[in-house]
Structures are given as C-alpha cells and as structure tokens.
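Undergrad: Build me a model from this:
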Amino acid sequence: MTLESLWNDAGFSPNPKQREAILHTEGPLYLTAGPGSGKTSVLVWRTVNLIVFHEVSPLEIFLGTFTEKGAHQLRERLRGLLAMVTERTNKPYDISRMSIGTIHAICHSLLL
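TA: Numbers count the residues shown, from 1 in each chain. Below you'll find the model as predicted:
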C-alpha cells in the first residue's frame, strides 16, 4: 500500500502544490490559501501520510484550524481515511487523544 494507491482508492487527485504540502514531513507546516482551495484535504492527507507511512504518533501532531466546522471536517475525514487504512492493514489507529480542533480549543485544553 502506498499513499498514491490510497489517493486512487479515495478518488483524490492533488494538484502539484497540494502534493508538495502533503509530502512535507520535516517540521511544521503553516498552510494558507483561499476558500475552496483544498486546505482541509491537504491537512488530512498530510496527517495520514505522517501517521501511516512515517509512523508519527497522533499524540505528536497538532492539527488546528480556526473554525468549528473545519475542525469537525478534519476529525471526521481523518477517521474515515484511517479506517480505510485499517481495513487494508488490520492495524488500528487511535486519534482520540490527538490535538485536533480550533486553535482556541486546543490551547484552552493545554491550559487545563
């Protein structure tokens, strides 16, 4: 299984800039783009790449956005794609304690 085969199975075809961001694995990535440009997809696929193919623990990933809607989409899409991987590999992925949410909510949880 490869990242590209997952893209095919999920019907995702990244453009060159999206592909570059998804394959970025060294250090943090700050993503800015306009509405409808695919930011959420890039964040989700980059996270799948890090967790599945680079064995980064979900606990080491901070996945923040500015809106509740965006945070919900990140969480649900990530769960769906990791479930797809689990079906193929029988390896479960637990993101229940991963920092996913609005930047405000994540920072608030860190302070408690």
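
Undergrad: From here on, just use CA atoms for contacts and neighbour counts.
TA: Noted.

Undergrad: Give me the distance between the top helix by length along the chain and the centre of its chain.
TA: The longest helix of the chain (DSSP state H) is helix 68-89. Offset of helix 68-89 from its chain centre (Cα atoms, centre = their mean, to the nearest Å): 8 Å.

Undergrad: Check which element follows it along the chain.
TA: Downstream of helix 68-89, the first helix or strand assigned by DSSP states H and E is strand 99-102.

Undergrad: Using CSV, write out every CA atom in stretch 66-83.
TA: The C-alpha coordinates for stretch 66-83 follow below in CSV (Å, rounded to 0.1, in the frame of the first residue of the first chain):
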residue,chain,number,x,y,z
PHE,A,66,-9.9,28.5,13.0
THR,A,67,-13.5,27.2,12.8
GLU,A,68,-15.5,24.5,14.5
LYS,A,69,-16.8,23.4,11.1
GLY,A,70,-13.2,23.0,9.8
ALA,A,71,-12.2,21.1,13.0
HIS,A,72,-15.1,18.7,12.6
GLN,A,73,-14.3,18.1,9.0
LEU,A,74,-10.6,17.4,9.9
ARG,A,75,-11.6,14.9,12.6
GLU,A,76,-14.2,13.1,10.5
ARG,A,77,-12.2,12.8,7.3
LEU,A,78,-9.1,11.7,9.2
ARG,A,79,-11.2,9.0,11.0
GLY,A,80,-12.6,7.8,7.6
LEU,A,81,-9.2,7.6,5.9
LEU,A,82,-7.6,5.8,8.8
ALA,A,83,-10.5,3.4,8.8
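
Undergrad: What residues of that stretch count as buried?
TA: Neighbour-count burial for stretch 66-83 flags 71, 73, 74, 75, 78, 79, 81, 82, 83 (criterion: 16 or more other Cα atoms under 10 Å).

Undergrad: Over to stretch 94-109?
TA: Quick answer for stretch 94-109 (16+ other Cα under 10 Å): 95, 98, 99, 100, 101, 102, 103, 105, 106.
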